[in-house]
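Trainee: predicted model and sequence follow; I will ask about them next.
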Amino acid sequence: MLWSELYNLVLDKLPGTSLQTDQRPFIYIDTRKQLLHWIDIDQAGNKTYSVSTASNGLGNRIDSFKTPIGIHCIKQKIGAGEPLGMVFSARQATGRVSNKTDNREEDEITSRILWLDGMEQGFNQGGDHDSSSRYIYIHGTSDEKRIGEPVSAGCIRMKNTDVIDLFDQVVVNDVVIIQ
């Protein structure tokens, strides 16, 4: 399937939403391959990054510690201008910078945060399936050595340099498809 066909299927599934519909690039996360694709519809600027999704697999229920699937959008961008490795707690920069890359002891959120909002009512939006209230992010990590393996607690982890690069390319309301 062409990227443009996938994007059009998303728009057909969610008519009348506030999603960016002016052929903005979008994010496609392939959980089987542990890859995040940033797709420019005209395919002039596509990028692919390795990621880590949940060690518990896929699922949308609150407290499942699984990566939610379906159509999302970027609700908020957090961390612009912070240094590489800045550690965040409750979406606030702590002032502490981590230079660790093999930190299995802590599930640190570092460098940048892209907070996701589910777009499919009753599936990943609302009730006990709400991605936003689960605080599902695309974010940097101090556990970069395990990027490419499903080891997170539900979020999508990226290498710090990669999440900063992605952060600089996206805008609020850009589409994120997780499969």
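Mentor: Ah, there it is.

Trainee: please count neighbours and contacts with C-alpha atoms only from this point.
Mentor: OK.

Trainee: poorly predicted segments of this protein, please.
Mentor: Residues of the chain that meet the criterion pLDDT under 70 lie in 1, 15-23, 42-43.

Trainee: swap the cut-off to 50 and go again
Mentor: Low-confidence segments of the chain, defined by pLDDT under 50, are absent.

Trainee: what about the strands in the protein?
Mentor: All strands of the chain, identified by DSSP state E, fall at 26-30, 35-39, 47-52, 70-78, 86-89, 92-97, 109-118, 137-140, 156-158, 175-178.

Trainee: elements contacting the fourth one?
Mentor: Which is strand 70-78. The contact analysis (3 or more C-alpha pairs under 8 Å, 6 or more residues apart in numbering; DSSP states H and E) places strand 70-78 against strand 109-118, strand 175-178.

Trainee: what sits up against the last one?
Mentor: Going back to what we said before, that points to strand 175-178. Strand 175-178 has contacts (C-alpha atoms under 8 Å, 6 or more residues apart in numbering) with 19-20, 25-31, 68-74.

Trainee: and residue 163, how far from residue 50?
Mentor: To residue 50, residue 163 is 10 Å away according to C-alpha to C-alpha, to the nearest Å.

Trainee: more crowded one of the two?
Mentor: Neighbours per residue (other C-alpha atoms under 10 Å) separate residue 163 from residue 50, with residue 163 holding more: 24 against 18.

Trainee: wait, what's in contact with that one?
Mentor: 111-112, 138-140.

Trainee: so residue 164 makes contact with residue 113?
Mentor: No. Residue 164 is beyond contact range of residue 113, at 9.0 Å (criterion: C-alpha atoms under 8 Å).

Trainee: neighbour count winner among those two?
Mentor: Neighbour count, other C-alpha under 10 Å: between residue 164 and residue 113, residue 113 has more, with 25 against 22.

Trainee: show me what that one is bridged to.
Mentor: Beta-bridge pairing of residue 113 under DSSP bridges involves residue 78, residue 139.

Trainee: what does the one 4 residues further on give?
Mentor: When bridges are taken as DSSP bridges, the partners of residue 117 come out as residue 73.

Trainee: next, count neighbours for it.
Mentor: Using other C-alpha under 10 Å, residue 117 is surrounded by 25 other residues.
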